[in-house]
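K.L.:
give me coordinates for this.
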Amino acid sequence: MAFSGCQAPYLSPAVPFSGTIQGGLQDGFQITVNGAVLSCSGTRFAVDFQTGFSGNDIAFHFNPRFEDGGYVVCNTRQKGRWGPEERKMHMPFQKGMPFDLCFLVQSSDFKVMVNGSLFVQYFHRMPFHRVDTISVNGSVQLSYISFQNPRAVPVQPAFSTVPFSQPVCFPPRPRGRRQKPPSVRPANPAPITQTVIHTVQSASGQMFSTPAIPPMMYPHPAYPMPFITTIPGGLYPSKSIILSGTVLPSAQRFHINLCSGSHIAFHMNPRFDENAVVRNTQINNSWGSEERSLPRKMPFVRGQSFSVWILCEAHCLKVAVDGQHVFEYYHRLRNLPTINKLEVGGDIQLTHVQT
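P.N.:
Numbers count the residues shown, from 1 in each chain. Predicted coordinates for the structure are as follows:
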């Protein structure tokens, strides 16, 4: 059965990059480009929303230039010809620094947010529904490109996985374990929400639909720490949670918790003082056995940006950092929908959260 509406993100794509936007752009579509500006090579980068891969028809060319004090060029290219430039004489990006760039497609224009603040509006010069490709080039390194469509109705069989769009190789899944519930929530900027249908196959083979809530995105320039928010609809197979931020230069530890009531179903705790990423579950205020093994070295670095992608499957959580799979955590609390709260705390600064 086809999965439409919620496209899997591209993780750590190499630049220059061109990728398909499944189903093309629609009113209300939101695309987030997360990465960092390179400090030593080039003076420009660009994000293009275009028809096909040729570059002859670009509905929206977003082009920061670190020349002449810094400015951003916006333009449209039709049949190989550029139109008049629109220039914003302000540079919201810094060389060597991470950024969170969000494009919201509306009926009349693109709205562009940089690090949570509205930067520019660009009115359509050609029909945006013709756009089916996003391209990024220039002096940037990408962590991910993610997609959200509030008007979509994704339908997918239960217990299938959303494919990772970049080289993220997850090993085969083994046996199962148990699971848990969440705890509290604070005030956060109003997110974009949507109701979707999650199609589940019963043991008899019959298909039936259960309501699920797709991702909430929090475009926020400076997240309060600790950060606590809900996971709409709780966990279910194919559910993704994406976080990005920067580890503080003097960091000792930070944590990401997925909670169910007063229980912590999944506790991910990078510890720089121990050079370890500890995983565990807490039920009734009692911790279970720790898991620490990793296939490679510590994936987080003090003073550097990171992106964490948590993918829920029927038996486990799969976790990728900066586009590389690092571990699986088999559910110890099995009632997945009750795991509906995210908590983040410790020695990091958050720049993007999608639940």
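K.L.:
which residues does the closest residue to Pro84 other than its chain neighbours contact?
P.N.:
Leaving aside its chain neighbours, Pro84 sits nearest to Asn75 (7.5 Å; criterion: C-beta to C-beta, 6 or more residues apart in numbering). In short, each C-beta sits where N, CA and C put it, glycine included. Neighbouring residues of Asn75 by C-beta atoms under 8 Å, 6 or more residues apart in numbering: Ile58, His61, Asn63, Trp82, Gly83, Pro84, Glu85, Glu86.
K.L.:
against Met126, how distant is the first one?
P.N.:
If I follow you right, that is Ile58. 9 Å (C-beta to C-beta, to the nearest Å).
K.L.:
now the common contact residues for those two.
P.N.:
Counting by C-beta under 8 Å, 6+ apart, the shared contacts of Ile58 and Met126 are Thr76.
K.L.:
which one's more surrounded, the two?
P.N.:
Neighbours per residue, other C-beta atoms under 10 Å: of Ile58 and Met126, the larger number sits with Ile58, 24 against 16.
K.L.:
quick one on the thing from earlier: check what pLDDT the residue nearest to Pro84 gets.
P.N.:
Asn75 is assigned 97 on the pLDDT scale.
K.L.:
quick one: the most centrally placed residue in the chain from Thr32, how far?
P.N.:
The centroid of the chain falls nearest to Ile242 when counting by C-alpha atoms, centre = their mean (4.1 Å). Distance of Ile242 to Thr32, computed by C-beta to C-beta: 9 Å.
K.L.:
then Ser250?
P.N.:
Distance, Ser250 to Thr32, by C-beta to C-beta: 29 Å.
K.L.:
same thing with Thr281?
P.N.:
30 Å.
K.L.:
ditto for Met113
P.N.:
9 Å.
K.L.:
any shared contact partners between these two?
P.N.:
In contact with both Met113 and Thr32: Leu101, Cys102, using C-beta under 8 Å, 6+ apart.
K.L.:
on that earlier part again, which one's more surrounded, Thr281 and Thr32?
P.N.:
A direct count of neighbours by other C-beta under 10 Å for Thr281 and Thr32 places Thr281 higher, at 26 against 22.
K.L.:
for that one, which non-adjacent residue is spatially closest?
P.N.:
Among residues not flanking Thr281 along the chain, Arg332 sits closest, at 4.2 Å (C-beta to C-beta, 6+ apart).
K.L.:
check what pLDDT the residue nearest to Leu248 when sequence neighbours are not counted gets.
P.N.:
By the measure of C-beta to C-beta, 6+ apart, the closest residue to Leu248 outside its immediate chain neighbours is Asp347, 4.5 Å from it. Looking at Asp347, its pLDDT stands at 95.
K.L.:
what is in contact with Ile242 and Thr32 at once?
P.N.:
With C-beta under 8 Å, 6+ apart, Ile242 and Thr32 have common neighbours Tyr144, Ser146, His352, Gln354.
K.L.:
domains of this structure?
P.N.:
Per automatic domain parsing, the structural domains of the chain span 10-148, 196-354.
K.L.:
where does this protein have low pLDDT?
P.N.:
Applying pLDDT under 70 to the chain flags the ranges 1-6, 150-222.
K.L.:
pull stretch 115-132 out as CSV, backbone CA atoms only.
P.N.:
Provided in CSV are the C-alpha atoms of stretch 115-132 (Å, rounded to 0.1, in the frame of the first residue of the first chain):
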residue,chain,number,x,y,z
ASN,A,115,16.4,30.2,13.1
GLY,A,116,12.7,30.7,14.1
SER,A,117,12.3,34.3,12.9
LEU,A,118,10.4,35.4,9.8
PHE,A,119,13.0,36.7,7.4
VAL,A,120,11.3,37.3,4.0
GLN,A,121,8.2,36.8,2.0
TYR,A,122,8.5,35.9,-1.7
PHE,A,123,5.4,36.2,-3.9
HIS,A,124,4.9,33.5,-6.5
ARG,A,125,5.8,34.3,-10.1
MET,A,126,4.9,30.9,-11.4
PRO,A,127,2.5,28.2,-10.1
PHE,A,128,4.1,26.6,-7.1
HIS,A,129,2.3,23.3,-7.7
ARG,A,130,4.7,22.8,-10.6
VAL,A,131,7.6,22.4,-8.1
ASP,A,132,8.6,18.8,-7.6
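K.L.:
OK, contacts around the closest residue to Ala251 other than its chain neighbours?
P.N.:
Nearest-residue entry for Ala251: Asp347, 3.5 Å, with adjacent residues in sequence omitted and distances by C-beta to C-beta, 6+ apart. Each residue near Asp347 by C-beta under 8 Å, 6+ apart is listed here: Val247, Leu248, Ser250, Ala251, Gln252, Arg253, Phe254, Phe272.
K.L.:
please name the bridge partners of Val344.
P.N.:
Here Val344 shows beta-bridge partners Phe227, Ile256, assigned using DSSP bridges.
K.L.:
hang on, isn't it packed against Pro224?
P.N.:
No. Using C-beta atoms under 8 Å, Val344 makes no contact with Pro224, being 10.1 Å away.
K.L.:
those two: which has the busier surroundings?
P.N.:
The neighbour count for Val344 versus Pro224, taken as other C-beta under 10 Å, is higher for Val344 (21 against 11).
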